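Chemist: A structural model of the following input is requested.
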Amino acid sequence: MDSRTGRHRRLTGSPAKGSTMNSDGLHEHQTIPFDPGVRRLGVAVGFDGSPHAAAALAHGAAIAARRGVKLSVISTYRAPLDVYFTYAALPPEPEAEAKKRGAQAVLDEAAKQLADHPGEVSYLTAEGDSVGALVEASGSALLMVVGARGRGGFLGRILGSVAAELPAHARCPVIVVPSDSEHAEGPVVVGLDGSLAGRRAALHAAQAAVELGTSLRMLAALQAPRSGDFWAPAVPPAVTEAVKHRRAEVEEALGLAVNWVKEHVPSLEVTGEVLVGDPAELLHEAGRTAQLVVVGSRGRGAVASALLGSVSRATLHGAKSPVMVVPPLEDSRMEGVRIALDGGVEP
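Modeler: Here you go, the predicted structure:
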């Protein structure tokens, strides 16, 4: 429902296409149709009036202004099932109407915050579960922005249910913004793991870096042998040699990825770096001085069917900078990238 016009607006999206098989005979993850021209909501922000939501709204509004696109602010509400056993129990007005009015009041708060926004703004209410309503809206948005934690749930939770679940099901990139974001002036950071998801994330990270007028830092993690990356038992000299060999492989793959991004965005300053350690921990550390951290929704994890990979989820938890999670969107620039036999990617 549009709180300004009172007209019902159904937020719908396109279904994901089936998986495809490349020339190596390996399946790629399902891809989601993504035509910017039909994403009528532009930059969409989930808003519930909390401090985290206020930070998300400011972040989303800045992106919409830079891109020159519409900003859509969405407040959700859940109408209870009306079951009353006596006339005395009947409320003075239907509870659904009261909930809806409350959501519209929340949008009035957002309008005050956006009083100086230079672009077009749409204010929408959506009935239903917060995660489900925003997932539905994501099918019509270029980008979704939410706060790391809202008003619901336990106050001590590190990550709210919407911020934790929305990136796993969204049909567009999602940025999760903590209320205490440090507003660093550093680069945009993207994590790569040798997957197609990482390459897609790098393209969106490059776009963000150009919009912010900064550079792109591409990171790849070299995990220690005890992490499971090296499974064969070996004496220390053999382990040392294995690590050296693996580092050379990762550096070569990262170099190809850096050059590939530069081909698509020649004007952007792009650097690549291989670091030893846990991927999520490395991204957390890099995020302390980054304006944005970008990850794919899932990468080369053992559970290929997981909607949100362990690294993506761990990166969201406790992040000090905004984190963008990129789902497997259709992108013509990915047509020249093939899955290699070892699970990595080739240019």
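Chemist: list the contacts of the nearest residue to Glu185 once chain neighbours are set aside.
Modeler: With sequence-adjacent residues excluded and distances taken as Cβ to Cβ, 6 or more residues apart in numbering, Glu185 is closest to Gln291, at 7.0 Å. The C-beta positions use only the backbone N, C-alpha and C, and glycine is treated the same way. Contact analysis of Gln291 by Cβ atoms under 8 Å, 6 or more residues apart in numbering lists His183, Ala184, Glu185, Gly186, Pro187, Val188, Leu212, Thr214, Ser321, Pro322.
Chemist: give me the pLDDT for the fifth one.
Modeler: Spelled out, it's Pro187. pLDDT, Pro187: 97.
Chemist: restricted to strands, list the contacts of Gln291.
Modeler: Among these, DSSP state E puts Val188 in strands.
Chemist: ok, and the most crowded of the contacts of Gln291?
Modeler: Counting neighbours by other Cβ atoms under 10 Å, the top entry in the contacts of Gln291 is Val188, with 27 neighbours.
Chemist: gap between the residue nearest to Glu185 and Ala54?
Modeler: 19 Å (Cβ to Cβ, to the nearest Å).
Chemist: same check, this time on Ala137
Modeler: In this view, Ala137 and Ala54 are 19 Å apart by Cβ to Cβ.
Chemist: looking at the two, which is more packed in?
Modeler: Each of Ala137 and Ala54 has its neighbours counted (other Cβ under 10 Å); Ala137 has more, 26 against 18.
Chemist: tell me which element that one falls in.
Modeler: helix 130-138 (DSSP states H and E).
Chemist: report the buried residues of that helix.
Modeler: Ser130, Val131, Ala133, Leu134, Val135, Glu136, Ala137, Ser138 (16 or more other Cβ atoms under 10 Å).
Chemist: try stretch 267-283
Modeler: Leu268, Val270, Gly272, Val274, Leu275, Pro279, Ala280, Leu282, Leu283.
Chemist: can I take it that the first one is in a helix?
Modeler: Think Leu268. No - going by DSSP: H, G, I helix; E, B strand; the rest coil, the assignment for Leu268 is coil, not a helix.
Chemist: hang on, it packs against Glu211?
Modeler: No - applying Cβ atoms under 8 Å, one finds Leu268 not in contact with Glu211, separated by 10.8 Å.
Chemist: spatially, which residue comes closest to Val69, not counting chain neighbours?
Modeler: Per Cβ to Cβ, 6+ apart, closest to Val69 is Gly42, 4.0 Å.
Chemist: if we can go back for a sec, what would the buried residues of stretch 267-283 look like in JSON lines with secondary structure and pLDDT?
Modeler: Shown next, in JSON lines, are the buried residues of stretch 267-283 (DSSP: H, G, I helix; E, B strand; the rest coil; pLDDT from 0 to 100):
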{"residue": "Leu268", "secondary structure": "coil", "pLDDT": "98"}
{"residue": "Val270", "secondary structure": "strand", "pLDDT": "98"}
{"residue": "Gly272", "secondary structure": "strand", "pLDDT": "96"}
{"residue": "Val274", "secondary structure": "strand", "pLDDT": "93"}
{"residue": "Leu275", "secondary structure": "strand", "pLDDT": "91"}
{"residue": "Pro279", "secondary structure": "helix", "pLDDT": "88"}
{"residue": "Ala280", "secondary structure": "helix", "pLDDT": "88"}
{"residue": "Leu282", "secondary structure": "helix", "pLDDT": "91"}
{"residue": "Leu283", "secondary structure": "helix", "pLDDT": "91"}
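Chemist: these into TSV, with extra columns for distance to Ile32?
Modeler: Formatted as TSV, these follow (distance: Cβ to Cβ, whole Å):
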residue	distance to Ile32
Leu268	25
Val270	26
Gly272	27
Val274	30
Leu275	30
Pro279	24
Ala280	24
Leu282	28
Leu283	24
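Chemist: tell me which of those is nearest to Gly255?
Modeler: Gly272 (6.3 Å; Cβ to Cβ).
Chemist: show me where the protein has helices.
Modeler: Ranges of helices within the chain are 51-67, 95-113, 130-138, 161-169, 196-212, 236-264, 279-287, 310-316, based on DSSP state H.
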